[in-house]
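A.B. asks: Build the 3D model from these lines:
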Amino acid sequence: MSIQIREAEYNDAPVIVEFNSLIAKETEGKSLDRQRLLRGVQTLLSDPKKGIYYLAEIDGTIVGQLMITYEWSDWRNGNFWWIQSVYVRKDQRMLGVFTSLFHYVESLARKRSDVCGLRLYADRNNTRAQQTYEHLGMKRAHYEMFEIDFILQS
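C.D. replies: Numbering: from 1, shown residues only. Take a look at the predicted model:
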């Protein structure tokens, strides 16, 4: 089994929408508005300044994804790449799909002088994911996350 990683293209939007819908349901028990989600995915795919999706394929079938968005750090004079929208199909989990995506993105980031690091946030109850991130060399940050969400109220 060979896992291939590639940058998402505009015509990949339907599978990304499906994966993002599954993420929301699995992690937060939320059902997302598919039309809003489709517009959001298409907007990002049309504007690389907003971010980029990377897809993992096995035998030409998309089995996983992650999205990168950017946060400028004036302290470091560089961008953190935020890993978001991570999803691996249930039947493909524990096969190294996320690890392949992570190493691919980490390698790209390390080659760029404008990237100062990688960040992500994890559900505090998802201990398996937290262990995976630590195993990949990520460390817990000093910060807690706070938000006001104008679209998806809790």
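A.B. asks: And the helices in the chain, which stretches?
C.D. replies: Assigned by DSSP state H, the helices in the chain fall at 13-28, 34-46, 97-110, 127-135.
A.B. asks: For these, give me a markdown table that also has mean pLDDT and distance to Glu71.
C.D. replies: Quick note: C-beta positions are derived from backbone N, CA and C, even for glycine. Formatted as a markdown table, these follow (pLDDT from 0 to 100; distance: least, C-beta to C-beta, whole Å):
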| stretch | mean pLDDT | distance to Glu71 |
| --- | --- | --- |
| helix 13-28 | 95 | 20 |
| helix 34-46 | 98 | 15 |
| helix 97-110 | 98 | 13 |
| helix 127-135 | 91 | 17 |
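A.B. asks: and of those helices, who's closest to Ile58?
C.D. replies: Closest approach to Ile58 among the helices of the chain (C-beta to C-beta): helix 97-110, 7.8 Å.
A.B. asks: The closest one - contacts with which helices or strands?
C.D. replies: Helix 97-110 is packed against strand 3-7, strand 52-58, strand 61-73, strand 78-88, strand 115-120, with contacts defined by 3 or more C-beta pairs under 8 Å, 6 or more residues apart in numbering; DSSP states H and E.
A.B. asks: Compute the inter-axis angle for it and strand 78-88.
C.D. replies: 160 degrees (axes from the mean of the first three to the mean of the last three C-alpha atoms, to 10 degrees).
A.B. asks: just how off-centre is helix 97-110 within its chain?
C.D. replies: The chain centre lies 11 Å from the centre of helix 97-110; the measure is C-alpha atoms, centre = their mean, to the nearest Å.
A.B. asks: who touches it?
C.D. replies: Residues from elsewhere that reach helix 97-110 (C-beta atoms under 8 Å, 6 or more residues apart in numbering): 3, 5, 54, 56, 58, 63-66, 68, 81, 83, 86, 88, 115, 117-118, 132, 136.
A.B. asks: Out of the helices and strands packed on helix 97-110, which gets nearest to Met94?
C.D. replies: Using C-beta to C-beta, those put strand 78-88 closest to Met94, at 8.8 Å.
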